[in-house]
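In: Generate coordinates for the sequence data below:
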Amino acid sequence: MDNMGSDIWATLYSTVLATIFSYIIGLPLGILLVTGEQGGVRPLPRPLMSVINFIINILRSVPFLILMIMAIPLSRVILGTSVGTNAMIPPLVIAAFPFVARMVESSLREVDHGVLEAAESMGASPFQIVRKVLLPEAMPSLLTSATTVTITILGYGAMAGIIGGNGLGATAINYGYYRNKVVILYGAVIVLVILVQIIQSIGTHTAVGVDRRLSKSGRKKGRRDANRQVNRDKRTPPGAL
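Out: Next up is the predicted model:
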């Protein structure tokens, strides 16, 4: 139990960094999957889109433990070592960024096409549509997806720590299971559960806070708009529409 503090730090450190790098790669890919399809705001050649989808599907199909073992040489090339907290980050990123891309794609597809068509009719460029319309409209869903991704990477990191030799996963297996110390085993599991609950609570609170449909001001604005529409309907003569 003496190393529990450092193991928690190692787990959080690898989770945060892996999530950041996964979004650096996965977010543009997810946007590209939506905007580059036929009928999107910036269609790309079908062969290129097929290659991107194929690569993402292949990486998502490989189980994480196998993918992590395959990516260990990459950690050795980049960082000069295949053990430790930092060495586990490249495999985590490789395993997570395809998942991020699909989650971002799913969130962006929830945006009403009418909003995009209105932006296009006003002469907005594809970059402006993505930055000022697509991403803001999908932000609540993107934040919810980010919460799911972070929790998934936290679970991946616990498994990666077993091979890397540090983190809560390594503590649970090496000091808890193999040495038959139930307190350490369940203590590590409880800490992981608490971390998941904290991440989920922060993510849900943030997503609700930015969702104009669920915020207090958003509900008030919606009621005002509805009342204005009702008053306009009352003043409109029958048969005028």
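In: List the buried residues in stretch 133-143.
Out: Going by neighbour count (16 or more other CB atoms under 10 Å), the buried part of stretch 133-143 is 133-135, 137-143. For the C-beta atoms, the positions are set from N, CA and C on the backbone; glycine is no exception.
In: wait, I meant stretch 20-40
Out: In terms of neighbour count (16+ other CB under 10 Å), stretch 20-40 has its buried residues at 21-23, 25-27, 29-37, 40.
In: what residues does that stretch touch?
Out: The contact list for stretch 20-40, computed with CB atoms under 8 Å, 6 or more residues apart in numbering, reads 41-44, 46, 48-49, 52-53, 56, 89, 92-93, 96-105, 107-109, 126, 129-130, 134-135, 146, 149, 153.
In: Just give the number of residues close to Val191.
Out: When neighbours are counted by other CB atoms under 10 Å, Val191 registers 17.
In: Who are the contact partners of it?
Out: Contacts for Val191 (CB under 8 Å, 6+ apart) come out as 4, 8, 168.
In: now the residue nearest to the spatial centre of the chain, what's its secondary structure?
Out: Per CA atoms, centre = their mean, the C-alpha nearest to the average position across the chain is that of Ala146, at 3.1 Å. The three-state label for Ala146, taken from DSSP: H, G, I helix; E, B strand; the rest coil, comes out as helix.
In: Buried members of the contacts of Val191 into PyMOL, please.
Out: Selecting only the buried members of the contacts of Val191 in PyMOL, with burial defined as 16+ other CB under 10 Å, works like this:
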select buried, resi 8+168
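In: for the contacts of Val191, which one is nearest Gly209?
Out: The shortest separation between Gly209 and any of the contacts of Val191 is 26.9 Å, and it belongs to Ile8 (by CB to CB).
In: ranges for the helices of this structure?
Out: Chain-ordered helices for the chain, with DSSP state H as the definition, fall at 4-35, 46-61, 64-79, 85-108, 113-121, 126-129, 135-164, 167-170, 182-210, 216-235.
In: can you redo those as TSV with distance to Gly176 and mean pLDDT?
Out: Written out in TSV, the entries for those read as follows (distance: least, CB to CB, whole Å; pLDDT from 0 to 100):
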stretch	distance to Gly176	mean pLDDT
helix 4-35	11	90
helix 46-61	31	91
helix 64-79	19	82
helix 85-108	19	90
helix 113-121	51	81
helix 126-129	51	85
helix 135-164	11	86
helix 167-170	10	80
helix 182-210	3	88
helix 216-235	46	48
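In: Let me know which of those helices is tucked in deepest.
Out: Highest mean neighbour count among these (mean count of other CB atoms under 10 Å): helix 167-170, with a mean of 25.
In: Who are the packing partners of it?
Out: The helices and strands touching helix 167-170, judged by 3 or more CB pairs under 8 Å, 6 or more residues apart in numbering; DSSP states H and E, are helix 4-35, helix 135-164, helix 182-210.
In: what would those helices look like in a markdown table with distance to Gly84?
Out: Shown next, in a markdown table, are the helices and strands packed on helix 167-170 (distance: least, CB to CB, whole Å):
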| stretch | distance to Gly84 |
| --- | --- |
| helix 4-35 | 9 |
| helix 135-164 | 6 |
| helix 182-210 | 19 |
